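Peer 1: Here's my sequence, what's the structure:
(chains A and B)
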Amino acid sequence: QVQLEQSGAEVKRPGSSARVSCKASGDIFRTSSFSWVRQVPGQGLEWMGRVFPVFGSTTYAQKFQDRVTITADSSTATTFIDVSRLTSNDTAVYYCTRERLSGVFHPWGQGTPVTVSS
Amino acid sequence: DIQMTQSPSSLSASVGERVTLTCRASQAVTNLLNWYQQKPGTPPKLLIYSTSTLENGVPSRFSGSGSGTEFTLTISGLQPEDFATYFCQHSHNPSFGGGTRVEI
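Peer 2: All right, here's what the predicted structure looks like:
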């Protein structure tokens, strides 16, 4: 059974960067793509981008293209999202999720809260 | 980009009731429409994909239908564990609706 384990909560200053990791268990890493989705407290879900580790390819939502980098390390079956130039608007829970089919997300990691505060 | 709009934003219902949630797309999206359930403090859970295919383990009281720009999620016989927020999502350049909160 596929499971995704994310890194712990982060508190960051405005203008800094945050990195969240997501480790996949199960033999699916090399055959799957992984997306990152965030959820601002009390609000909806926002897709940020995806990585396809076997091809090394990435796709980003236009909104995040200049501030977000998604990478993958196949040796550890881990994906990462880096968000730069943080503002209070980036305070959210960040989820990784596997794309079981293109654009169909299952399962999800437990979520990583990132708080941006001075 | 395709925009997804859900209605209502919230609804109140009782155990045993049949409820229907609606999701509208700003343009036709074929059948690439998925539904997720989210409870407070937990990640979303895939319920239905490709408009009407039930994910493994999801109770049969959940069903999905629709085409073009209008899609529905129906819960036939609401159970206490179904009180949650439901999101629709389009697979291509993934975009989510704003959610419908189902309350007691």
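Peer 1: tell me the contacts of the spatially most central residue of chain A?
Peer 2: Chain A has A:Trp36 as the residue nearest its centroid, 3.3 Å off, counting by C-alpha atoms, centre = their mean. By C-beta atoms under 8 Å, 6 or more residues apart in numbering or on different chains, the residues touching A:Trp36 are A:20, A:22, A:47-50, A:68, A:70, A:79, A:81, A:94-97. Placement of C-beta: from N, CA and C, glycine included.
Peer 1: Inside helices: which ones of those?
Peer 2: Among the contacts of A:Trp36, none falls in helices (DSSP state H).
Peer 1: who wins for most neighbours among these?
Peer 2: Within the contacts of A:Trp36, most neighbours by other C-beta atoms under 10 Å in any protein chain shown means A:Cys96, with 32 neighbours.
Peer 1: Look up the closest residue to that one, ignoring the ones flanking it.
Peer 2: Distance criterion C-beta to C-beta, 6 or more residues apart in numbering or on different chains; nearest residue to A:Cys96, sequence neighbours excluded, is A:Cys22 at 3.4 Å.
Peer 1: Which member of the contacts of A:Trp36 is positioned nearest B:His92?
Peer 2: Within those, the smallest distance to B:His92 is 10.9 Å, found for A:Trp47 (C-beta to C-beta).
Peer 1: Helix or strand for the residue nearest to the centre of chain A, just tell me which one.
Peer 2: strand A:33-39 (DSSP states H and E).
Peer 1: what packs against the lengthiest strand in chain A?
Peer 2: Ranked by number of residues, the top strand in chain A under DSSP state E is strand A:92-101. Where contact means 3 or more C-beta pairs under 8 Å, 6 or more residues apart in numbering or on different chains; DSSP states H and E, strand A:92-101 is packed against strand A:3-6, strand A:18-25, strand A:33-39, strand A:78-83, strand A:104-108, strand A:112-116.
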